[in-house]
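Asks: With the sequence up front, the predicted model follows.
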Amino acid sequence: MLGARSPSKWHAALDKDPVLIAGGGIGGVTTALALAQRQIPVILFEQAQEFSDVGAGIQLSPNCSRVLRSLGLSQELADQGFLPQYTQFRHWHNGKIISETSLGKAAEQAFGAPYYHFHRSDLLNLLVDAAKTHPLIQLNLGCRIDSIEQSEDGVSVLVNKATYSGGCLIGADGIHSKVRETLFGSASPTFTGNVAWRALVPTSSLPKGLIQPAATAWWGPGKHFVHYYVRGGTMVNCVCVVESNDWQEESWSIKGDFTALAAEFADWHPTINTLLANVDKGGLFKWGLFDRPPLPQWSVGKITLLGDACHPTLPFMAQGAAMAIEDAAVIAKCLHQTENPTAAFLQYEKLRKKRTAMIQQLSRRNAKVFHLKGIAAWARNRAAKRAGGSTMNKLYGYDALSVVINSKKAGQKVKEQSKEDQRKTNERAN
């Protein structure tokens, strides 16, 4: 347990009810930092014995990197992140570029924040290091929430036979969320018919210049292959998605068989086969991709959900973590603007539902679009050249840091308009 304090001492020291957070992944720790930045104390519970994030690469587009930079992490991001210069979509067999869009300085100028590639564990460590040094954040490891109780005074959780109390609870505990199950019961996901493989390739083992400084996706019939640099360009992260009829366990940590993966892409472009020939075979994993429809509600009173706990997103737009990071910024602002957690969570939910449902839908659509065949693939390729810019604007132009302010302005306008309507009605009556 890191920096543990008893609930009574915590309250006495800060004279403010802490926010309880379930889950110490990227979404949970970012939320803790965003709340603490607004002088809201946090007690976070992570059931694992250490902070770790399964998976390898993560893409931090401007819509989420601006949030992380607002938390004072600009230098750490710049030091550890890799800056891709463009995105590319390529033909699976001949390697021709289907569509290409500039990133690098162009993206930062257009959207006000950079586009980074990270190793997931590097990003989480960066966030945890910042949280450990913040006096308003209490991090607790090896702490699984056994039960949750809500009352008029707040929320209490039973953790390792100890009770912790807070003003509210945020469930950032992922796709198998205990908090979501407590609120809404268990629900079975739907297998998408896709299995993903992930692997890392040391850059030093590849021919110089083989992999360009880009986020590259190769589209093929029934499968696709994504690669990009992480860890300052010393490693290449690979994600390979293949259609499959086999039901796969919903886990990121199933060991993958290299022979089976290599066979899936044997007739693909030589670049793909060179990458596969040099993968770290001991670090090869696969997982089944499961889908869940958007939840009709995320909150019950002083308890709400965040990130994958309420809107798990398929990895076909590289926006899953970005949505959780956006959530963190919005929920912190909502809680800061009102002392009523129930009202804050309803506002947060209203502000975020449409955005996250759109990302879920587009990701779901891309699962099919990436794998088209024949004339449908030809039509897709022609359309892709025209669609890149508008898609980026929709994704990266979103500013989670200002959305609540804009919402309050809109609400004020509604109130003002209502007063004006009432004034006119009174005038007509007279």
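Replies: Structure's in. What do you need? Residues are numbered from 1 along each chain as shown.
Asks: okay but Ala130 is in contact with Leu71, surely?
Replies: Yes - the criterion here is Cβ atoms under 8 Å, and Ala130 meets it with Leu71 at 7.1 Å. Yep, even glycine has a C-beta here, placed from its N, CA and C like the rest.
Asks: right, and the helix or strand after the helix ranked longest in the chain?
Replies: The single longest helix within the chain, with elements called by DSSP state H, is helix 341-369. Next helix or strand after helix 341-369 toward the C-terminus (DSSP states H and E): helix 374-396.
Asks: neighbouring contacts of that following helix?
Replies: By Cβ atoms under 8 Å, 6 or more residues apart in numbering, the residues outside helix 374-396 that reach it are 61-63, 87, 89, 91, 98-101, 107, 110-111, 115, 219, 221, 317, 319, 359, 369, 372.
Asks: could you dump the longest strand along the chain to CSV, C-alpha only?
Replies: The longest strand of the chain (DSSP state E) is strand 190-202. Provided in CSV are the C-alpha atoms of strand 190-202 (Å, rounded to 0.1, in the frame of the first residue of the first chain):
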residue,chain,number,x,y,z
THR,A,190,-20.5,-10.3,-28.0
PHE,A,191,-17.6,-11.9,-29.9
THR,A,192,-16.9,-9.8,-33.0
GLY,A,193,-15.4,-12.6,-35.0
ASN,A,194,-11.9,-11.0,-34.8
VAL,A,195,-8.8,-12.1,-33.0
ALA,A,196,-5.9,-9.7,-32.4
TRP,A,197,-2.3,-10.4,-31.9
ARG,A,198,0.2,-8.0,-30.4
ALA,A,199,4.0,-8.1,-30.6
LEU,A,200,7.1,-6.0,-30.3
VAL,A,201,10.0,-5.9,-32.7
PRO,A,202,13.4,-4.4,-31.8
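Asks: angle of that strand against helix 341-369?
Replies: Here the directions of strand 190-202 and helix 341-369 differ by 80 degrees (axes from the mean of the first three to the mean of the last three Cα atoms, to 10 degrees).
Asks: Give the rounded mean pLDDT of strand 190-202.
Replies: Throughout strand 190-202, pLDDT has a mean value of 90.
Asks: and it, which strands flank it?
Replies: Strand 190-202 has the following strand partners under DSSP bridges: strand 235-243 (antiparallel), strand 285-291 (antiparallel).
Asks: Check the ones you listed for me and report the most buried one.
Replies: A comparison of the strands paired with strand 190-202 by mean neighbour count, using mean count of other Cβ atoms under 10 Å, puts strand 235-243 on top with a mean of 23.
Asks: Show which residues not belonging to the helix or strand following that strand make contact with it.
Replies: The element immediately downstream of strand 235-243 (helix or strand, assigned by DSSP H and E) is strand 254-255. The contact list for strand 254-255 (Cβ under 8 Å, 6+ apart) reads 248, 284-287.
Asks: Overlap of the contact sets of Ala130 and Leu71?
Replies: Each of Leu33 lies in contact with both Ala130 and Leu71 under the rule Cβ under 8 Å, 6+ apart.
Asks: Secondary structure element holding the residue nearest the centre of the chain?
Replies: In the chain, the residue lying closest to the centroid (Cα atoms, centre = their mean) is Ala321, at 1.3 Å. Element membership of Ala321 [criterion: DSSP H and E] is helix 320-337.
Asks: can you tell me which residues contact the closest residue to Pro202 other than its chain neighbours?
Replies: Excluding the flanking residues, the one nearest Pro202 by Cβ to Cβ, 6 or more residues apart in numbering is Met235, at 6.1 Å. By Cβ under 8 Å, 6+ apart, the contact set of Met235 is 119, 200-203, 229.
Asks: now Leu60
Replies: Applying Cβ under 8 Å, 6+ apart, one finds that Leu60 lies in contact with 68, 77, 81, 115-118, 123, 321-322, 325.
Asks: Now the terminal residues of stretch 139-155, how far apart.
Replies: The first and final residues of stretch 139-155 sit 18 Å from each other (Cα to Cα, to the nearest Å).
Asks: In that stretch, which residues are buried?
Replies: 139-141, 143, 145, 148, 150, 154-155 (16 or more other Cβ atoms under 10 Å).
Asks: can you list the residues you listed in JSON lines and add distance to Thr271?
Replies: Shown next, in JSON lines, are these (distance: Cβ to Cβ, whole Å):
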{"residue": "Leu139", "distance to Thr271": "42"}
{"residue": "Asn140", "distance to Thr271": "45"}
{"residue": "Leu141", "distance to Thr271": "41"}
{"residue": "Cys143", "distance to Thr271": "45"}
{"residue": "Ile145", "distance to Thr271": "46"}
{"residue": "Ile148", "distance to Thr271": "50"}
{"residue": "Gln150", "distance to Thr271": "54"}
{"residue": "Gly154", "distance to Thr271": "56"}
{"residue": "Val155", "distance to Thr271": "52"}
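Asks: ok, so of the residues you listed, who is nearest Thr313?
Replies: Thr313 has its nearest neighbour among the buried residues of stretch 139-155 in Ile145, at 23.8 Å by Cβ to Cβ.
Asks: Kindly provide the distance from that closest one to Thr304.
Replies: Counting by Cβ to Cβ, to the nearest Å, the gap from Ile145 to Thr304 is 15 Å.
Asks: For beta bridges, what are the partners of Leu158?
Replies: Ser147, Thr163.
Asks: Would you agree it is in contact with Cys143?
Replies: No - here Leu158 lies out of contact with Cys143, judged by Cβ under 8 Å, at a distance of 10.4 Å.
Asks: which two from the contacts of Leu60 end up farthest apart in space?
Replies: Maximum distance among the contacts of Leu60 (Cβ to Cβ): 15.1 Å, for His117 and Ile325.
Asks: give me the low-pLDDT residue ranges for the stretch 1-150 of the chain?
Replies: Scanning the stretch 1-150 of the chain for pLDDT under 70 picks out the ranges 1-16, 53-55.
Asks: In it, mark out all the strands, start to finish.
Replies: 19-22, 42-45, 57-60, 86-91, 97-102, 116-119, 137-140, 145-151 (DSSP state E, counting those that start in this stretch).
Asks: Among these, single out whichever gets nearest to Pro294.
Replies: Of the strands of the stretch 1-150 of the chain, nearest to Pro294 by Cβ to Cβ is strand 19-22, at 20.6 Å.
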